[in-house]
Structure formats: C-alpha cells, structure tokens
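Peer 1: For reference, the sequence and a predicted model appear below.
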Amino acid sequence: MQIKKVGVVGCGLMGHGIVQVAAAQGGFDVVAFEADQGALDKGIARVEKSLAKLAQKSVEKGKMDADKAEAWAAGARARITPSTDKADLADCDLVVEAIVENLDVKKSLFAELGATCKPETILASNTSSFPIAEMGEASGRPERMVGLHFFNPVQLMKLVEVVRTDKTDEDVFAAARGFGESCGKVPVGCKDTPGFVVNRLLVPYMVQALEMLDRGDASKEDIDAAMQFGCGHPMGPITLTDYVGLDTTLFILEGWCERYPNEPAFAVPGILRRHVEAGKLGRKSGEGFFKWDGDKRS
Ligand SMILES: NC(=O)c1ccc[n+]([C@@H]2O[C@H](COP(=O)([O-])OP(=O)(O)OC[C@H]3O[C@@H](n4cnc5c(N)ncnc54)[C@H](O)[C@@H]3O)[C@@H](O)[C@H]2O)c1
C-alpha cells in the first residue's frame, strides 16, 4: 500500500505542523482542509512562516545556500493544496484529522469521510484522549482506521504514536507507521488504550505531583527541582502542567475518570479543579500554579 496523497483536516496548532512535515519532510502531496477560509488562510500562513524560518536556519548553519533553501521551501509549499471543499479529500490515500477535541464532532467528520473518500483511503485521528475504535466505527471502515498522535510542536518533536484498534488491518497499521517515518518521526506502535503510551505515563505522574503539592509535602519549586535535577527532566511536573494548560489536563482526566472509573491512576486532584475554577489555566492565561509573562515564570 503506497501513500502518495495525504489530506489533513484542521489546520490549527497541530494540523498546520502535520501539513508541513508531510509536505516538506515526507514529500507527499497534501490537501490542507479547514472548515472556513479564514482559518485556512491562518493555517497556511503559519506553514509558510515556519518553512521560511527553517530555510533560513539551514542557510545559517551552512547546510544549504540561500537559493537551495528557498527552492526547498517553495517546493514544499507547492505540494500543499489549501481547500475548504471536502470533495478534495476523496482521492487521498491517507486523511489525518486534527480538529477540535470533541468526540461527537470527530465522529460526524469520520462518518462523512467514510462516505466521501475512496474505499482504500486510510483514516487517522490525532486525538489525545478519545478511543480510536469509536471513530473507526463511525467511519464505517474500522479496519482502515488508526491513531496518528503527533506531539507539539509537530515540526520539532520526534515522536509519533501509531495506534491500532482490534479491527485495524495489519497493512494499514504498517502504512501509517511508514508515513510517520517518512515525515522524519520515530513511530511507536500502541494499542487503543487510554492516553496511548506517553500520556498514560505522563498524566498520572502530573496528578501525583499535584497531590503532593496539595498535601503540602513539598513546595512547587522543590517538586519541580527534584524531577529536573534528580531525573534529568527538562522541566518539572508543576511547570509542565502550566505548559499543557490546567483546563486541558482537567478535560483529559475527567474524560478518563468517566470512561474508566476502575482505573486508580486516573483521578482529578482537587487543587487542579480549584485552579481551573479560579480561571488559572496555566501559561496561556498568564497564571497557573506559577505566574507567567510569556516564557518567564515567577
Ligand atoms: N495541542 C496539543 O498539544 C496537541 C497535542 C497532540 C494532539 N492534539 C490533538 O490534536 C487535535 C487538534 O488540536 P489543536 O491543538 O491543533 O487544536 P486547534 O484548536 O489549534 O486547531 C483545530 C483546528 O480545527 C479546525 N476545525 C474545527 N472543526 C473543524 C471541522 N469540522 N472541519 C475542519 N476543521 C475544523 C479549527 O478551525 C482549528 O483551526 C485535537 O484532537 C487535540 O487533542 C493536540
């Protein structure tokens, strides 16, 4: 099964990055789809800015001369077809969904894609927290459904989790893995289990750190320093929660608690809920567990 043409639905924070790595690193023809023209223009502008930045860096590092770098960026841009017409996705070999994290909205999109795309098209979701199998059922072609979970920022983060359900065909899974590799990523395979590998380990770890903070076992600064200097993490768990967003973390945990009430690792720390209720959402709102001025923490 050869993937040549890729559709990306949603051109926001994650989607624009997926469009870019598929076109620039992967060399695929890419249909970048958005629901409306304004969002599409914004997404494409982000891709163009990022391509220009990468091209400039390559020149600065002496990897390419200016003409070659410009041609590289122009080549990637030329492989991208912006679209607001779902019919343009019909002949894609793979369609990756990166829209809002709402299961009902995603399911209705996959039902439409299942009805619109050619029978061989592989469908993929970039969801962080929903079961891939439910979207596969909604599409009417569960054997051609996978998860392709990229990390933010897509252009820089090396990992992609490739998720297979009980119904995913072996060759579909292999093709999705191959796609990840072509985009310059390290693909890891995983079953359709909550949080896949990374978030299943990371989110309960953040929960434990917040519970420690709530009990007063240690200060937020000391919890963070412990994991930075004791375990070599680039940032501690409290700062990490501020980066991810307290509302996003709460949303993931509430969903898991509802779906998997017997999993003891899934719990909502009281301190997290109290902060979100107070409007402290993390770096993006200027205050979470720490105060933020851009990237500066106090
Ligand atoms: N933000 C992250 O760090 C991150 C990391 C991994 C995975 N994800 C997942 O990726 C997905 C997208 O997240 P994001 O952070 O890029 O969100 P975002 O809000 O930045 O982008 C979503 C985009 O989808 C568009 N959209 C919404 N509904 C649509 C529809 N029906 N058809 C076409 N376009 C539509 C919006 O206009 C928007 O541009 C979510 O499922 C999220 O859980 C996010």
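Peer 2: Cool, the structure landed. Numbers count the residues shown, from 1 in each chain.

Peer 1: count of residues packed around the nearest residue to residue 150 once chain neighbours are set aside?
Peer 2: In space, and not counting its chain neighbours, residue 150 is closest to residue 160: 5.3 Å by Cβ to Cβ, 6 or more residues apart in numbering. Where C-beta positions appear, they are placed from N, C-alpha and C, glycine not excepted. Residue 160 has 26 neighbouring residues, counting by other Cβ atoms under 10 Å.

Peer 1: For residue 106, see how far away residue 160 is.
Peer 2: Applying Cβ to Cβ, to the nearest Å, one obtains 18 Å for the distance of residue 160 from residue 106.

Peer 1: what mean pLDDT would you report for stretch 140-159?
Peer 2: Mean pLDDT, taken over the full extent of stretch 140-159, equals 97.

Peer 1: Same question for that stretch: list its buried residues.
Peer 2: If you call a residue buried by 16 or more other Cβ atoms under 10 Å, then stretch 140-159 has these buried ones: 141-142, 144-151, 154-155.

Peer 1: Kindly report the same for stretch 15-25.
Peer 2: Here stretch 15-25 shows 15-24 as buried, counting by 16+ other Cβ under 10 Å.

Peer 1: who's in contact with residue 6?
Peer 2: Applying Cβ atoms under 8 Å, 6 or more residues apart in numbering to residue 6 gives the contacts 22, 26, 28-31, 92-96, 179.

Peer 1: among the residues you listed, which are in strands?
Peer 2: Secondary-structure check on the contacts of residue 6 using DSSP state E: residues within strands are 29-31, 94-96.

Peer 1: Can you give me the pLDDT of residue 295?
Peer 2: For residue 295, the pLDDT comes out at 84.

Peer 1: Name the nearest residue to it, sequence neighbours excluded.
Peer 2: Here the nearest residue to residue 295 in space, its sequence neighbours aside, is residue 283; by Cβ to Cβ, 6+ apart that works out to 7.9 Å.

Peer 1: what does residue 241 give?
Peer 2: For residue 241, ignoring the flanking residues on the chain, the nearest one in space by Cβ to Cβ, 6+ apart is residue 206 at 5.2 Å.

Peer 1: and the one you found, how many neighbours?
Peer 2: Residue crowding around residue 206 was assessed by other Cβ under 10 Å; the count is 20.

Peer 1: did I read that right, it in a helix?
Peer 2: Yes. Residue assignment for residue 206, taken from DSSP: H, G, I helix; E, B strand; the rest coil, places it within a helix.

Peer 1: contacting residues around the one residue in the stretch 1-150 of the chain that gets nearest to the ligand?
Peer 2: Proximity to the ligand, evaluated over the stretch 1-150 of the chain using Cβ to the nearest ligand atom, is greatest for residue 12 at 1.9 Å. Contact analysis of residue 12 by Cβ under 8 Å, 6+ apart lists 39, 43, 98-99.

Peer 1: repeat that for 10 Å
Peer 2: Counting by Cβ atoms under 10 Å, 6 or more residues apart in numbering, residue 12 touches 34, 39, 42-43, 46, 98-100.

Peer 1: Also near the ligand: which of the residues you listed, exactly?
Peer 2: Restricting these to those adjacent to the ligand (criterion: Cβ under 6 Å from any ligand atom) gives 34, 39, 98-100.
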